[in-house]
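# have a look; sequence and predicted model below, questions after that.
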Amino acid sequence: MPKLQAARVTQCGLDFAVVLVDPKLFMNPSELEAFSERAQALFPGVPVAMLSYDDLKVTRYHGPDDVVAFLKQVRVVSLPWVEYTIGE
């Protein structure tokens, strides 16, 4: 079963999850959206954002505007990352 790194965050009035994804996923919007829907199943009832960074440390975000704005203001390494297993 595939594994992913994600963090469930409750801060500054926000309650959301963020999932670390391969930067290549951002090159195909339909795959990114499909993966986002699969990840959403791990965190029912809360918004889920996707985050990636490449070898040049370019960071990309996909998700609700308020969550993305929050993520742009924090050091993502400080988030409570956990490894999750997702179903096929």
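Now that the structure is in, tell me what you want to look at.
# isn't residue 80 right up against residue 9?
Yes - assessed by Cβ atoms under 8 Å, residue 80 is found in contact with residue 9 at 7.3 Å. Placement of C-beta: from N, CA and C, glycine included.
# higher neighbour count, these two?
residue 9 (20 against 9; other Cβ atoms under 10 Å).
# residue contacts, that one?
15, 16, 17, 18, 70, 79, 80 (Cβ atoms under 8 Å, 6 or more residues apart in numbering).
# quick check: the fourth one vs residue 71, distance?
It stands for residue 18. For residue 18, the distance to residue 71 equals 6 Å [Cβ to Cβ, to the nearest Å].
# ok, now the last one?
Plainly put, residue 80 is 14 Å away from residue 71 if you go by Cβ to Cβ.
# where does the chain have low pLDDT?
1, 87-88 (pLDDT under 70).
# skip the chain neighbours and tell me the closest residue to residue 58.
Once flanking residues are discounted, residue 58 sits nearest to residue 23: 7.8 Å by Cβ to Cβ, 6 or more residues apart in numbering.
# could you pull up the contacting residues of residue 49?
Per Cβ under 8 Å, 6+ apart, neighbours of residue 49: 16, 17, 18, 19, 61, 62, 63, 64, 67, 68, 71.
# what distance do you get for it to residue 79?
11 Å.
# what do those two both touch?
Listed as contacting both residue 49 and residue 79 by Cβ under 8 Å, 6+ apart are residue 18.
# which stretches in the protein count as helices?
Using DSSP state H, the helices of the chain run over 29-40, 65-73.
# check the protein for its longest strand and report it.
strand 3-11 (DSSP state E).
# mind listing what's buried in that strand?
Buried residues in strand 3-11, defined by neighbour count with 16 or more other Cβ atoms under 10 Å: 4, 6, 7, 8, 9.
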